[in-house]
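1. Return atomic coordinates for the entry below.
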Amino acid sequence: MDSKVVAITGASRGIGAAAVREFARAGWRVAMLARSLDQMTELAADIGEAAMVQPCDVADWASVQAAVQAVHARWGRLDALINNAGVIDPIARIEQVDPAAWGHAVDINLNGVLHGMRAAIPLMKAAGRGTIITVSSGAASNALEGWSSYCAAKAGAAMLTRVAHLEEGPNGLRIMGLSPGTVATDMQAKIKASGINPVAALPPGAHIPADWPAKCLLWMCGPGGDAWLGKELSLRDAEGRRAIGVLQ
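-> Sure thing, here's the model as predicted:
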């Protein structure tokens with residue numbers, strides 16, 4: 001029962017599901033937090049007793065708080081939180097976008113990060129340790145046509161990560177971000193179908209596999225991540241890829 005515990009949001013698919021497998025292979029106990037119960041249950045069956053399925057809507061503070069408390073109640077600790085849940089929709093120019101859909105995406109992509117931090121930080125501070133990693137994006141610093149909600153929310157989440165590090169780094173918490181670049185997930189299919197900006201025009205071979213950011217998230221939870229506290233590591237850069245062994 002000394003195994004470390006990680007909670008991963010958006011764990012039912014893409015980077016989240018790949019991270020679940022990566023952490024489990026490394027001997028961690030993994031709590032999967034997402035809305036897609038069937039997909040999480042199937043994944044948990046492959047992993048076994050080291051996996052925990054916890055339905056969670058990151059846009060809902062009460063849901064996140066209850067989920068994180070349930071993880072801590074089951075295993076008595078929370079060593080890492082991966083704020084991974086995110087959506088790309090709505091993809092639309094500002095003059096045409098549905099404001100309600102725009103705001104809901106912000107609730108997931110930005111408020112969801114706050115909810116995870118707010119639930120995890122008190123538990124981690126009480127334990128005197130803990131790592132929080134937010135999955136960021138190049139959209140946090142680069143404007144892209146049709147992605148106003150995604151760009152704005154990711155920029156906000158990147159700054160939120162910096163503030164959290166400023167506040168909680170002195171208390172022993174390790175808080176940072178990972179910008180993986182374009183990843184071969186279901187999100188890329190939606191982007192491709194939109195045809196709106198240059199990302200939609202990228203060939204399939206331009207996207208990295210989901211297990212690359214998964215490997216990097218695990219590596220960042222160890223001492224290798226210390227150089228990135230309060231910052232973002234980019235898997236577009238050779239340094240990040242070399243650290244996880246995908247570039248010689």
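
2. mind checking how far residue 102 is from residue 243?
-> Look at residue 102 and residue 243: by C-beta to C-beta, to the nearest Å, they are 36 Å apart. Quick note: C-beta positions are derived from backbone N, CA and C, even for glycine.

3. Also residue 166?
-> From residue 166 to residue 243 the distance is 25 Å (C-beta to C-beta).

4. Of the two, which one has the most company?
-> Shown here are residue 166 and residue 243; by other C-beta atoms under 10 Å, residue 243 has more neighbours (20 against 11).

5. Please name the residues that touch the more buried one.
-> Each residue near residue 243 by C-beta atoms under 8 Å, 6 or more residues apart in numbering is listed here: 216, 219, 224.

6. was I right about the second one contacting residue 244?
-> The one in question is residue 219. Yes. Using C-beta atoms under 8 Å, residue 219 is in contact with residue 244, at 5.4 Å.

7. Find the residue closest to residue 141 in space, skipping its chain neighbours.
-> residue 155 (6.9 Å; C-beta to C-beta, 6 or more residues apart in numbering).

8. any idea which helix or strand carries the one you found?
-> Assigned by DSSP states H and E, residue 155 falls within helix 148-168.

9. Then residue 145?
-> Going by DSSP H and E, residue 145 is not in any helix or strand.

10. can you pull the buried residues of stretch 25-35?
-> Within stretch 25-35, the residues that qualify as buried are 26, 28, 29, 30, 31, 32, 33, 34, 35, counting by 16 or more other C-beta atoms under 10 Å.

11. okay, those residues in a markdown table with pLDDT and secondary structure next?
-> Listed next are the buried residues of stretch 25-35 as a markdown table, based on pLDDT from 0 to 100; DSSP: H, G, I helix; E, B strand; the rest coil:
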| residue | pLDDT | secondary structure |
| --- | --- | --- |
| 26 | 95 | coil |
| 28 | 97 | coil |
| 29 | 97 | strand |
| 30 | 98 | strand |
| 31 | 98 | strand |
| 32 | 97 | strand |
| 33 | 98 | strand |
| 34 | 95 | strand |
| 35 | 93 | coil |
